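here you go, sequence then predicted model.
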Amino acid sequence: MSKVNIQKVIDDIVHVTNQIAGLNMILNDRKNIMARYFEKTGNRQRENDDCLVYVQERTNIEYDVDMLKEVLPKEVYKDVVDMSATISDWRRFAKLLNKMNLSKDQMRDIRSLVNVEKKVNQQKLSKYYETGEVSISSLKGCYNASVKKSVAVRMKSSSPEIPIKE
């Protein structure tokens, strides 16, 4: 194996990393120009011989779990809402459980020690949409939807081989 100048290799890595960062800045700038173009014209894509530039949308939906409880059938709600509980004071919780006859006050005390987190299982809810058991109109007011738009680039044909000089 021939001698390799490690310091030169490290310098090359720094140089290439800086070039990549610079090229990413230029690419992001060009994508911002295209985003403004798409917004102004209403077009959703443009292309040339080399690539397709288009608007990509991602929808984020945040559900109000308490509202869902009011509008969904009980069995559907139990299926689509995942719950987890955290006990905030284990010693106190264990002492309460050791008492055999729990009064209503003690039960209230137990509930105050447990933090319950509820989260909608989007995959399960989607299955109910698909089967028609739940409709979007039936969930009106139970969610907030936001759409994030970004500009994406798809290269039409690029050389599978990149020539590397040694």
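Structure received. Numbers count the residues shown, from 1 in each chain.

leaving out chain neighbours, which residue sits closest to the most centrally placed residue in the chain?
Centroid-nearest residue in the chain: residue 60, 7.5 Å away (criterion: Cα atoms, centre = their mean). Distances taken as Cβ to Cβ, 6 or more residues apart in numbering place residue 146 nearest to residue 60, at 5.1 Å, with adjacent residues excluded. For the C-beta atoms, the positions are set from N, CA and C on the backbone; glycine is no exception.

again with residue 150
For residue 150, ignoring the flanking residues on the chain, the nearest one in space by Cβ to Cβ, 6+ apart is residue 56 at 5.2 Å.

burial check on the one you found, number of neighbours?
13 (other Cβ atoms under 10 Å).

quick check, distance from the helix or strand where it lies to the centre of its chain.
Following DSSP states H and E, one finds residue 56 within strand 51-63. Here strand 51-63 is found 12 Å from its chain centre; the criterion is Cα atoms, centre = their mean, to the nearest Å.

tell me which strands it pairs with, and in which orientation.
Strand 51-63 has the following strand partners under DSSP bridges: strand 45-47 (antiparallel), strand 143-155 (antiparallel).

which parts of whichever strand or helix holds residue 36 are buried?
Taking DSSP H and E as the definition, residue 36 sits inside helix 6-41. Neighbour counts using 16 or more other Cβ atoms under 10 Å place 34, 38 of helix 6-41 among the buried residues.

show me what it is packed against.
Here helix 6-41 is seen to pack against strand 51-63, strand 143-155 when contacts are counted using 3 or more Cβ pairs under 8 Å, 6 or more residues apart in numbering; DSSP states H and E.

okay, the last one in PDB with CA atoms only?
Spelled out, that is strand 143-155. The C-alpha atoms that make up strand 143-155 are tabulated as PDB, following Å, rounded to 0.1, in the frame of the first residue of the first chain:
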ATOM      1  CA  TYR A 143     -59.000  17.900  15.000                       C
ATOM      2  CA  ASN A 144     -56.700  20.600  13.700                       C
ATOM      3  CA  ALA A 145     -55.100  20.000  10.300                       C
ATOM      4  CA  SER A 146     -52.100  21.800   9.000                       C
ATOM      5  CA  VAL A 147     -50.400  21.400   5.600                       C
ATOM      6  CA  LYS A 148     -46.700  21.900   5.200                       C
ATOM      7  CA  LYS A 149     -45.600  22.600   1.700                       C
ATOM      8  CA  SER A 150     -42.100  22.100   0.400                       C
ATOM      9  CA  VAL A 151     -40.400  22.000  -3.000                       C
ATOM     10  CA  ALA A 152     -39.100  18.700  -4.100                       C
ATOM     11  CA  VAL A 153     -36.800  17.800  -7.000                       C
ATOM     12  CA  ARG A 154     -36.900  14.500  -8.900                       C
ATOM     13  CA  MET A 155     -34.000  13.900 -11.400                       C
END
